[in-house]
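Visitor: Structural data only, the sequence is not supplied:
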């Protein structure tokens, strides 16, 4: 629409040149253009300043540790020795647990909402799920501390240790002391938080799949499920991937809910029941206590790492979602 | 053999479709579980003191969060006056004036800013406002929240401006109105319902943010005068009280959680209401 408006605006001035420009200036068009442009540019400025501040303020830590920062397993403020490995590990593990739990649940719900439920019921449920996405993360943390942690300590944890813990290979993930707080608990709380995102984005892309695709599959004798799983879902595959990336970006950057239930220990442990820390939770916990410039600088470098990871993931997610909305994925 | 296969396919059909329904039901029931648990725990802990009194010294029971409620409102006010105008005008630029390449860059950067984890925004506000003056302040918290408000407002403003039919613009300009007069008197009023909704949702979202306030607004157990002192806010109070070892503090954290969630839900519902009405007109 604005494209049409802009062609008209270019045709209106009788002649090009300084007089037409002065005319438009008097009418206020150029001024309005300039003002709004300034504010649009302000966003660019703000974002560049954000990157710049993170870069400059992490200078001490970058100069001191270099690339070894990412591989060092020690985080010791007393001896000014800082490595990000335990937190990068914690961030990846909690997000992975969250996705493993949230993806099947979210995708199944999205399929139900787009393929099975009548439109009005689907809309009501989607509205409720959008509300769920609006719940502040500190409230998920509150519920995590007082519901999920006790449940993990008394019921789920012992159950996992006694059953899956005895299975060879994957049993390693569920052994050792069970405190209730830890990677698994954080992953579960994160899963609850990202499910709404997966559902609402996946439902949108599933709804864009053309009707004919479903009808063609059913006309060939496919059951409802076969048409959904073998035709509709592959068609929307890229968009669903996009929703997963969005969820992942959110899970990686989530601070409060994780900080409250992960147990806060800078350690790499094989067991999912062990307490740990993520990049975001470490910053949240230690930033105000950071004494010494190197300590603060290391925490800011953690922030820089987190920024870069989410930057890449958000970019990928956007490309995938736009690609699906443009023409649909190619069914395999 | 083929009859057997048909039975298998049909039962797989029913089983899987039922499972998707169960999944949807499970997700929705989590919502009601959260609501129910919060209303029960928060409701039984809520009292008049919660709204009128300051926090009691550590170890004493009772007291309230009056300062945190006012603090949250003050921070939201700062976020609104800093973030909303920027978001609105940048949104107008993208929808009405923007060229191709520059608009693309601005749009992309806006989405990027929207995806930056809130704790990183906190570090940014810390280095902008706290580091130079060497102390935490309400202003720093307002800056952090204001930055978060901008991208949400930009995208919703642009979206609703684009939804205004092009012939309304053409009609205004055919009557001799200049471009900016068209925008200010025709396009913006037509999209005002949607734009307001977007702003309300943006404020509702940052109202619950905790991470960017931890080391900008910090917290305060007393009244905060002016804008240059550390200030308490509901989300930070919930965090501090929930991780503390006192039962009475847990009780108050639930009450604060209920108030915060109520605030967020009411503004979400209100936003949808405004939107539905402005669409109907």
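Guide: Received the coordinates, thanks. Computed from a prediction, not measured in an experiment: that's the story for all the values here.
Visitor: Kindly report the domain assignment for the chain.
Guide: Using chain A here. Structural domains assigned to chain A are A:13-57, A:68-327, following automatic domain parsing.
Visitor: sorry, should have said chain B
Guide: B:2-45, B:50-280.
Visitor: Please tell me I have it right and residue B:84 contacts residue B:200.
Guide: No. Using Cβ atoms under 8 Å, residue B:84 makes no contact with residue B:200, being 10.2 Å away. C-betas here are computed from N, CA, C, even on glycine.
Visitor: and the domains of chain A, which one is worst for confidence?
Guide: Across these, domain A:13-57 has the smallest mean pLDDT, namely a mean of 83.
Visitor: Quickly check: it near chain B or not.
Guide: Yes. Counting by Cβ under 8 Å from any Cβ of the partner chain, chain B is contacted by domain A:13-57 at A:24, A:27-29, A:31-33, A:35-44, A:46-47, A:49-50, A:53-54, A:57.
Visitor: Go ahead and build a PyMOL selection from the buried members of the residues you listed.
Guide: Here is the PyMOL selection string for the buried members of the residues of domain A:13-57 next to chain B, based on 16 or more other Cβ atoms under 10 Å in any protein chain shown:
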select buried, chain A and resi 24+27+29+32+33+35+36+37+39+40+43+44+46+47+50+53+54+57
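Visitor: Go through the residues of domain A:13-57 next to chain B and flag which are in helices.
Guide: A:24, A:27, A:29, A:31-33, A:35-44, A:46-47, A:49-50, A:53-54, A:57 (DSSP state H).
Visitor: What about the residue of the stretch 51-200 of chain B at minimum distance from chain A? Give its phi and psi, please.
Guide: Nearest residue of the stretch 51-200 of chain B to chain A (Cβ to the nearest Cβ) works out as residue B:117 at 2.8 Å. For residue B:117, the backbone dihedrals (degrees, to the nearest 10) come out as phi -60, psi 140.
Visitor: From residue A:239, how far out is it?
Guide: Separation of residue B:117 from residue A:239 (Cβ to Cβ, to the nearest Å) stands at 24 Å.
Visitor: Then residue A:154?
Guide: Distance of residue A:154 to residue A:239, computed by Cβ to Cβ: 40 Å.
Visitor: neighbour count winner among these two?
Guide: The residue with more neighbours, out of residue A:154 and residue A:239, is residue A:239; 25 against 12, by other Cβ atoms under 10 Å in any protein chain shown.
Visitor: Surely that one and residue A:205 touch.
Guide: Yes. Residue A:239 is in contact with residue A:205 according to Cβ under 8 Å; the separation is 3.0 Å.
Visitor: need the helices for the stretch 51-200 of chain B, in chain order.
Guide: B:66-92, B:101-115, B:118-125, B:131-133, B:138-162, B:166-174, B:179-182, B:188-207 (DSSP state H, counting those that start in this stretch).
Visitor: Pipe those into JSON lines and attach mean neighbour count and mean pLDDT per row.
Guide: Listed next are these as JSON lines, based on neighbours: other Cβ atoms under 10 Å in any protein chain shown; pLDDT from 0 to 100:
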{"stretch": "helix B:66-92", "mean neighbour count": "22", "mean pLDDT": "95"}
{"stretch": "helix B:101-115", "mean neighbour count": "17", "mean pLDDT": "91"}
{"stretch": "helix B:118-125", "mean neighbour count": "28", "mean pLDDT": "95"}
{"stretch": "helix B:131-133", "mean neighbour count": "10", "mean pLDDT": "89"}
{"stretch": "helix B:138-162", "mean neighbour count": "26", "mean pLDDT": "94"}
{"stretch": "helix B:166-174", "mean neighbour count": "16", "mean pLDDT": "90"}
{"stretch": "helix B:179-182", "mean neighbour count": "22", "mean pLDDT": "88"}
{"stretch": "helix B:188-207", "mean neighbour count": "21", "mean pLDDT": "92"}
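Visitor: Select, out of these, the one closest to residue A:128.
Guide: Ranking those by proximity to residue A:128 (Cβ to Cβ) places helix B:188-207 first, at 16.3 Å.
Visitor: Could you tell me the angle between whatever helix or strand comes next after the closest one and helix B:188-207?
Guide: As assigned by DSSP states H and E, the chain's next helix or strand after helix B:188-207 is helix B:234-243. Here the directions of helix B:234-243 and helix B:188-207 differ by 20 degrees (axes from the mean of the first three to the mean of the last three Cα atoms, to 10 degrees).
Visitor: is helix B:234-243 up against chain A anywhere?
Guide: Yes. Judged by Cβ under 8 Å from any Cβ, helix B:234-243 and chain A are in contact via B:235, B:238, B:239, B:242, B:243.
Visitor: can you pull the contacts of the fourth one?
Guide: Which is residue B:242. A:138, A:141, A:142, A:145, A:146, A:260, B:249, B:250, B:253 (Cβ atoms under 8 Å, 6 or more residues apart in numbering or on different chains).
Visitor: Once you drop chain neighbours, what's closest to it?
Guide: residue B:253 (4.4 Å; Cβ to Cβ, 6 or more residues apart in numbering or on different chains).
Visitor: isn't the one you found right next to residue B:236, touching?
Guide: No. At 11.1 Å, residue B:253 and residue B:236 do not qualify as touching, with contact defined as Cβ under 8 Å.
Visitor: Chain B contacts on the stretch 201-332 of chain A?
Guide: A:223-226, A:229, A:249, A:252-256, A:259-260, A:280, A:283-284, A:287-288, A:299-300, A:303, A:306-307, A:310-311, A:313-315, A:318.
Visitor: Can you tell me which of the residues you listed are buried?
Guide: Judged by 16+ other Cβ under 10 Å, buried ones among those: A:223-226, A:229, A:249, A:252-256, A:259-260, A:280, A:283-284, A:287, A:299-300, A:303, A:306-307, A:310, A:313-315, A:318.
Visitor: Now, those that are in helices?
Guide: Per DSSP H, the subset of those in helices is A:224-226, A:249, A:252-253, A:256, A:259-260, A:280, A:283-284, A:299-300, A:303, A:306-307, A:310, A:313-315, A:318.
Visitor: Residue A:22: neighbour count?
Guide: Close neighbours of residue A:22, defined as other Cβ under 10 Å, add up to 11.
Visitor: Helix or strand: which one has it?
Guide: Counting by DSSP H and E, residue A:22 is found in helix A:18-27.
Visitor: by how many degrees do that helix and helix A:29-57 diverge?
Guide: For helix A:18-27 against helix A:29-57, the angle by the same axes, to 10 degrees is 80 degrees.
Visitor: Now do helix A:18-27: which elements does it pack against?
Guide: helix A:29-57, helix B:179-182 (3 or more Cβ pairs under 8 Å, 6 or more residues apart in numbering or on different chains; DSSP states H and E).
Visitor: Ok, which of those helices comes nearest residue B:228?
Guide: Using Cβ to Cβ, those put helix A:29-57 closest to residue B:228, at 21.1 Å.
Visitor: right, and the helix or strand after that closest one?
Guide: The element immediately downstream of helix A:29-57 (helix or strand, assigned by DSSP H and E) is helix A:59-65.
Visitor: how about the strands in the stretch 51-200 of chain A?
Guide: A:75-76, A:81-82 (DSSP state E, counting those that start in this stretch).
Visitor: Which residue is the nearest non-sequential neighbour of whichever residue of the stretch 101-250 of chain A sits closest to chain B?
Guide: Closest approach between the stretch 101-250 of chain A and chain B, counting by Cβ to the nearest Cβ: residue A:136, at 2.4 Å. Leaving out its chain neighbours, the residue that sits closest to residue A:136 by Cβ to Cβ, 6+ apart is residue B:208, at 2.4 Å.
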